[in-house]
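Student: A predicted structure for the sequence below; I have some questions about it.
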Amino acid sequence: MAESTKTGVDLANQDASANGRKPVVVVDDLHVKYRVYAGGKPVKGTGRSLLKRSGGGIREVHALKGVSFTAYENESIGVIGSNGSGKSTLMRTLVGLTPPSDGAVYASSRPNLLGVGAALIPDLSGEKNIQLGGLALGFSKQEINGLRDNIVQFAELEEFIDLPMRTYSSGMQARLKFAIAASKQHEILIVDEALAVGDQRFRKRSEARIREIRENAGTVFLVSHSMKSILDTCSRVIWINKGVLQMDGDPKEVVDAYQETKK
């Protein structure tokens, strides 16, 4: 029977610590399957009527196939793979947005997902979105007020923070989103392509913040197609290939092996 992400469990029973490190995420023989129409749309119903309407053109996609690994405290883990390999499915399963078809995910606390595609409220100003984002992260209004200037400065939006979010470019939105999420010390943070936006200066500051979170006993997953960001930021890399955990280990060794397949 499939199990969704479990938090607050005794992870020591799931996997022994390596060199005294605390395990914070255990992925145990994880499978994710979903069905789509032949045209690519996900199936929302079941039964013969659905099969008849679609002309039988439904196929099952096995997005993750028996993935298992343990993430430890104070790690920064890069997740790489080609488009459609299952990277984002894995991250969505870690945070509980996508249920496993089989296997399980255990976490010491609820992972937080920072993705470029995360929803914002376009008609509200950047200032109001900072307040709402801070409340969603569990900050009090007083704490948000104290963090406000640092968030605005980090996102480089001093001149635009009072404007509606719909007037922002995608890069400006992503910078603000990262700045809000990174204002909190997360135990488990998932960054999905957030470093692909902004100029080189912002990417370097984002990478520095990720290292700071990691050094303060947080665990970070970074999903990216930028091998430079992966190598500059991560202490370990997981390579997902067609839903299978292809390789897990030293960043340079894994990235080199992955890039060999691209030649």
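Tutor: That came in fine, so what should we check first?
Student: got the residue ranges for the helices in the chain?
Tutor: Per DSSP state H, the chain carries helices over the ranges 48-53, 87-94, 126-136, 141-155, 170-181, 200-215, 227-233, 251-260.
Student: okay if I get those as JSON lines plus mean neighbour count, mean pLDDT and distance to His62?
Tutor: (Glycine included, C-beta is placed from N, CA and C.) Below are the helices of the chain laid out as JSON lines (neighbours: other CB atoms under 10 Å; pLDDT from 0 to 100; distance: least, CB to CB, whole Å):
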{"stretch": "helix 48-53", "mean neighbour count": "11", "mean pLDDT": "41", "distance to His62": "20"}
{"stretch": "helix 87-94", "mean neighbour count": "23", "mean pLDDT": "93", "distance to His62": "10"}
{"stretch": "helix 126-136", "mean neighbour count": "18", "mean pLDDT": "90", "distance to His62": "33"}
{"stretch": "helix 141-155", "mean neighbour count": "16", "mean pLDDT": "94", "distance to His62": "39"}
{"stretch": "helix 170-181", "mean neighbour count": "22", "mean pLDDT": "86", "distance to His62": "31"}
{"stretch": "helix 200-215", "mean neighbour count": "16", "mean pLDDT": "81", "distance to His62": "31"}
{"stretch": "helix 227-233", "mean neighbour count": "19", "mean pLDDT": "89", "distance to His62": "26"}
{"stretch": "helix 251-260", "mean neighbour count": "15", "mean pLDDT": "96", "distance to His62": "21"}
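Student: CSV please, covering these and showing distance to Val244.
Tutor: Output for the helices of the chain, formatted as CSV (distance: least, CB to CB, whole Å):
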stretch, distance to Val244
helix 48-53, 29
helix 87-94, 11
helix 126-136, 35
helix 141-155, 37
helix 170-181, 30
helix 200-215, 27
helix 227-233, 19
helix 251-260, 13
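Student: Pro164 is nearest to which of the ones you listed?
Tutor: Nearest to Pro164, of all the helices of the chain, is helix 126-136, at 8.3 Å by CB to CB.
Student: How far away from the center of its chain is that closest one?
Tutor: From the chain centre to the centre of helix 126-136 is a distance of 20 Å (CA atoms, centre = their mean, to the nearest Å).
Student: what's the answer for stretch 135-152, then?
Tutor: Here stretch 135-152 is found 22 Å from its chain centre; the criterion is CA atoms, centre = their mean.
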